[in-house]
Structure formats: structure tokens, C-alpha cells
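K.L.:
The following block contains a protein sequence and its predicted model.
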Amino acid sequence: MYDLLVRGGTVLDGTGGPARRADVAVSAGRIVEVGGIAGARAVREIDAAGRYVMPGFIDTHVHGDAAVFDPRVQLAALRQGVTTFVLGQDGVSYAPAGAETLRYVERYFAPVNGSHPGLDGGTVPVAELLDTYDRRVPLNTVYLLPHGTIRHGVMGTARRAPDAGELAAMLAEVERGLSEGAAGLSTGLEYVPGAYADAREIAALCAPVGAAGLPYVTHMRGYEADAVRAMAEVLEIARAGRVAPHVSHYHGPKDELAGLVDGARAEGVDLTFDSYPYLRGSSTLTLVTLPSWLPIADLDATLDALARRDVRERLEAEWFAHRAEVWPRVTLSHVPADGFRWAEGMTLPDAAARMGKGPGEFCCDLLVATRLEAGCVFMQPPTNSEESVRALLRHPAQMAGSDAVYQGGHPHPRGWGAFARLLGRHVRELGDWTWEQAAVHLAGRAADRFRLRDRGRIEAGRAADLVVLDPATVTDRSTYENPRVLAEGVEHVVVNGVPVLDDGVLRQANPGRVLRPA
């Protein structure tokens, strides 16, 4: 008698091998048999006839550090077959942090991560943060050590290199975090205070990460036109730190970007990347609209500056006047101020025109009103294209990451549709992957990258994270105009042997585990 039997489906096992008709038997949270299991009985059976059975998908880049507790977000992920979130992205999250640093990261990254509902505002070691997820949500979680958070805890917002004592203190935090279950180190080199670090600092902190066989995950110091320079720094860090690098949300001109990856791998650098199937990104409004000469890391000083007439005049003359092509590409997604909430879903020029102001002046007003906590969706430069997206998806170093941001009334649709879009559009309609390859890009390769050795594949002995979907109907329904629409076609999802999605409906079960690298 098994706990669960998934009968009669076509199994895509995550290795890239051929699909095969098989039953999948589960007991005690693990797959115990895959094949023709005639006459077997189980406490629960799922009829998968005419359906594909795939390993649970791993979202390698998602800003769900707080949102994962929201049942609406859980349902959005599970309806796409996502069973694991990799958290701690872009160098900013909640641990390890003292009370002051926790207040800082929650405020600075409010448009991206929001506020964690289970922390009391005191000191948060990595182990304590991981405990807030374990068996508390239906999805598994993996955590990356956020470099910017660690740096703030040691150096505050200092815009300089660390001294020997400060570097040693940061290194000790990295080593402690790894011992408590973190699966790598992340940086956000366009966010502060991580942007103030140089390659030497990051490489030193990567040394124990590389020694543990774990990746250095980076929002590198620029994309599109800056990709060559940024990738050179990534490789410098990888070589000096003896660590495998993974580039977050890689995007831009296909030939140049693929060439950078191919060149690095030809030199023996174990470089991988994640990407998503959209031509728009999402971030904080401060990152997209303000220049680096403002004291961005000091949030109160930045607010004071934006309220001053002389600063606004300088911004208008030296910065905003040269950003005319940027404004129409920016749509407001998260506006947490009662007097401005009407602007969510509008472009900056349209919202500014409604107030009878120029985009720069309105942007400053909005940032002051929201205490810098506004978020946006933005069109990427025309150097990115649908052809580039498709070419990067097909690259053998690619794996899927939604880069989902769930904050605000009008977020990017990728949190509700990225994985389903990959299956419906890029597999079924365009043929960018075969279905067998999709199981590798969405699950198997990510499990290898983060050393999750019992995930990512359907085989006896592995944890039972399973997705049952209809290959003829799976698709995304979320759009830029209507982003919070659930995907279709994923019917059943099992996490650690427990059904958490039944016929598309979220069950009241929290079997999600914190996954520590093997």
C-alpha cells in the first residue's frame, strides 16, 4: 500500500531522456517506484492518463521572501508547477541581520520583497529565518546569503572598500550562514550598498562558497550595453574566488550574450544563468529613475534631497532632461501612498500629465510621498528582442527564473505566468525546447546548480515533488494590463509526497521544506 500513486501519465524525468508511460509510486514523501505498477494500491491516486508528469519546477530567481506566506502567491506559483523558490536574491534579504539592518532592508527593498510577517524586528540569523519557512508553506525554499545585507550589517552604508577587520567580519557571516543551510551567495551590484563593493571584496567572500561547491549568484553590474564590462567582473570574481558563477535574469542582444557565456565556459568557468520569457523588467523606482550621485543608500538623506529645490533643479538639468526616452518605458506598479495609488498601472508620463507636471517633477513627488517605496515595470532597451529571449532559452547553460515581484496593485505578470508561458508558448507553440528538455531547464539543471540532490528528477529515492499537467492546454493568462491572472493547464502538484494542488485548487497543507545543499 503506497501513500500516493500517480497512474498512467507520460513521465518526463528531468534528465532529458525520452518520455515514457509510467506510474509513479510515493511513500513517506519519496518516490519509491517508477514504471508499470500493476495491481498496486494507494491511500490516494491521481489519474494522469493523457497528462505529463514532470519533476517539481524550481524558480531559480524569485522575490518571494515574504510573499511566499501569501496563499494567493502560493496558488500563482503552484498553478505553474513551481514547487521550490530560491530566495535571498540580488544581495538583499532579511538575514543575517541585526535590528538596524533588518529595518533598512525591509524599507529599501519594500517595493521588491515587502515585509516578512514572521520576524519581530530583532536580530535574525540565517537559521532563524529558515525556520520561518520550514513546514510553514506549501512550497520548498532555498536561501542565498545576501551580500548587501551582510555588508550593511558590518559597514552600514559606507561607500568604500572594507578594511581588514570589516572584511573578516563579513567573511565570518558568510561562513556562519553556509553552516546554517544557505545554498550560495548573491549580489545585487546595481543596488546599494552592494554596488559599493569591488571585485576583490566579493571574491574574498566567495572563497568559502566555492570551497563548499556552491554558486555565486549575481545581479551583475549592468546588462544590455554594459554586459561585456559586467561579465568581465563576474569572471574576475569567479577566478579569484574559485567559485562557479550564476548570472541572474540574463538579457540583452543574443549573439553578444551567448558569446560571453560560451567564452567563459570554454575557459573552464562553470557559468550558468537564468532568464524569463518577457521583454520588460521590474524593480524599485529609485533604481530606474535616480542618478548615483544622490545618497541612495541613505534613505532619509535621499528623501531630504528630493524635497530641496536646488537638488530638483540639478536633477532636471543634469539628469531628467536627458531621460526623455526612458519615461514612456516606465509603468508604475507599486505606489504605497494614498494620494498616489491611482497611478498604479499608468506610465510615468501619463500619470505626470494627469497632475499637470513633467515626468521628472512628478517622479520626485511620488518618491517623496511613498518614502522611496514605489516600484515599477519597465520596458527593456530595444537591444533585447524576442529573438534574443528565445536564443538564450535554448542555451545549454540556461535555467528558468521568473524574477517575480509580487508587491503592488499592478505588478509584472511574470509571477503569475513565467513558467506556464515557457511551456505553452516556448515549448508547445514555438518549439524552443522539447518537452523532455523543458524538464531539464525548469527542474533538473537548477537542482544540480544548487546541489539539491534529491530534487529535480523523477526517480526512485528522490523527494516526491511532482507536477501533473495537460500539455495541450498549459499556458499563461496574465498580461501587463491584467497581471494577476492564474495560469491554466497544471492540474495537480505534489510537494514532498503531499498533494498541495488538486484539480487546480490550493489545498490547506504546508509540506514545504527548507532545502539545504547536499
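P.N.:
Arrived safely. Model, not experiment: these values are computed from the prediction.
K.L.:
next structured bit after the longest strand anywhere in the chain?
P.N.:
Longest strand in the chain, counting residues (DSSP state E): strand 2-11. Downstream of strand 2-11, the first helix or strand assigned by DSSP states H and E is strand 20-27.
K.L.:
distance between that next one and the chain's centre?
P.N.:
When distances are taken as CA atoms, centre = their mean, to the nearest Å, strand 20-27 is centred 31 Å away from the chain's centroid.
K.L.:
start the count at 294, not 1, going forward
P.N.:
All set: I'll call the first residue 294, so the last point we hit is now strand 313-320.
K.L.:
other SSEs contacting it?
P.N.:
Helices and strands touching strand 313-320, by 3 or more CB pairs under 8 Å, 6 or more residues apart in numbering; DSSP states H and E, are strand 295-304, strand 323-328. Quick note: C-beta positions are derived from backbone N, CA and C, even for glycine.
K.L.:
Buried ones in that strand, by neighbour count?
P.N.:
For strand 313-320, burial by neighbour count (16 or more other CB atoms under 10 Å) applies to A315, D316, V317, A318, V319, S320.
K.L.:
State the mean pLDDT of that strand.
P.N.:
If you average the pLDDT over strand 313-320, you get 98.
K.L.:
Repeat that for stretch 647-657.
P.N.:
96.
K.L.:
start to end distance for that stretch?
P.N.:
Taking CA to CA, to the nearest Å, stretch 647-657 runs 15 Å from one end to the other.
K.L.:
before we move on, what about stretch 531-541?
P.N.:
Criterion CA to CA; first-to-last residue distance in stretch 531-541 is 15 Å.
K.L.:
got it, and stretch 644-662?
P.N.:
Stretch 644-662: ends 14 Å apart by CA to CA.
K.L.:
quick one: buried residues of that stretch?
P.N.:
By neighbour count with 16+ other CB under 10 Å, stretch 644-662 contains the buried residues 644-645, 651-662.
K.L.:
And stretch 717-727, by the same measure?
P.N.:
Neighbour-count burial for stretch 717-727, counted by 16+ other CB under 10 Å, picks out G717, R718, H719, V720, R721, D725, W726.
K.L.:
so can I have a markdown table of those residues showing pLDDT, secondary structure and distance to L625?
P.N.:
Listed next are those as a markdown table, based on pLDDT from 0 to 100; DSSP: H, G, I helix; E, B strand; the rest coil; distance: CB to CB, whole Å:
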| residue | pLDDT | secondary structure | distance to L625 |
| --- | --- | --- | --- |
| G717 | 98 | helix | 28 |
| R718 | 98 | helix | 27 |
| H719 | 98 | helix | 29 |
| V720 | 98 | helix | 33 |
| R721 | 98 | helix | 34 |
| D725 | 98 | coil | 32 |
| W726 | 98 | coil | 34 |
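K.L.:
from those residues, which is closest to T442?
P.N.:
H719 (34.1 Å; CB to CB).
K.L.:
Where do the strands of the stretch 394-543 of the chain begin and end?
P.N.:
433-436, 438-439, 478-481, 508-512, 537-540 (DSSP state E, counting those that start in this stretch).
K.L.:
right, so these: which one is the most enclosed?
P.N.:
For the strands of the stretch 394-543 of the chain, the largest average neighbour count (mean count of other CB atoms under 10 Å) is found in strand 438-439, namely a mean of 31.
K.L.:
still on that earlier bit, which pair of the buried residues of stretch 644-662 spans the longest distance?
P.N.:
For these, and using CB to CB, no pair is farther apart than G651 and A662, which are 16.5 Å apart.
K.L.:
Which ones among the buried residues of stretch 644-662 lie within helices?
P.N.:
644-645, 652-662 (DSSP state H).
K.L.:
burial measure for E326, as a count.
P.N.:
Residues lying near E326 (other CB atoms under 10 Å) number 17.
K.L.:
Cross-check the contact I'm expecting between it and A315.
P.N.:
No: taking contacts as CB atoms under 8 Å, E326 lies outside contact range of A315: 9.2 Å.
K.L.:
one step back: tabulate the buried residues of strand 313-320 (CSV), appending distance to G487.
P.N.:
Formatted as CSV, the buried residues of strand 313-320 follow (distance: CB to CB, whole Å):
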residue, distance to G487
A315, 46
D316, 48
V317, 42
A318, 46
V319, 41
S320, 45
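K.L.:
closest to A500 among those?
P.N.:
Relative to A500, the closest of those is V319; by CB to CB it sits at 40.0 Å.
K.L.:
I'd assumed G790 was in contact with that closest one.
P.N.:
Yes: with contact defined as CB under 8 Å, V319 and G790 form a contacting pair (4.8 Å).
K.L.:
Mind listing the shared neighbours of these two?
P.N.:
D296, L297, A757 (CB atoms under 8 Å, 6 or more residues apart in numbering).
K.L.:
need those in JSON lines with pLDDT, neighbour count and distance to P455, can you?
P.N.:
Output for the shared contacts of V319 and G790, formatted as JSON lines (pLDDT from 0 to 100; neighbours: other CB atoms under 10 Å; distance: CB to CB, whole Å):
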{"residue": "D296", "pLDDT": "98", "neighbour count": "17", "distance to P455": "51"}
{"residue": "L297", "pLDDT": "98", "neighbour count": "22", "distance to P455": "51"}
{"residue": "A757", "pLDDT": "98", "neighbour count": "26", "distance to P455": "45"}
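K.L.:
other SSEs contacting the longest strand of the chain?
P.N.:
Packing partners of strand 295-304 (3+ CB pairs under 8 Å, 6+ apart): strand 313-320, strand 335-340, strand 345-348, strand 759-762, strand 783-788.
K.L.:
And the helices in the stretch 644-793 of the chain, which stretches?
P.N.:
Under the criterion DSSP state H, counting those that start in this stretch, helices of the stretch 644-793 of the chain are mapped to 652-662, 679-686, 707-714, 728-732, 738-742.
K.L.:
Report all helices and strands that the longest one contacts.
P.N.:
Which is helix 652-662. On the basis of 3+ CB pairs under 8 Å, 6+ apart, helix 652-662 makes packing contacts with helix 578-582, helix 592-599, helix 602-611, helix 641-647.
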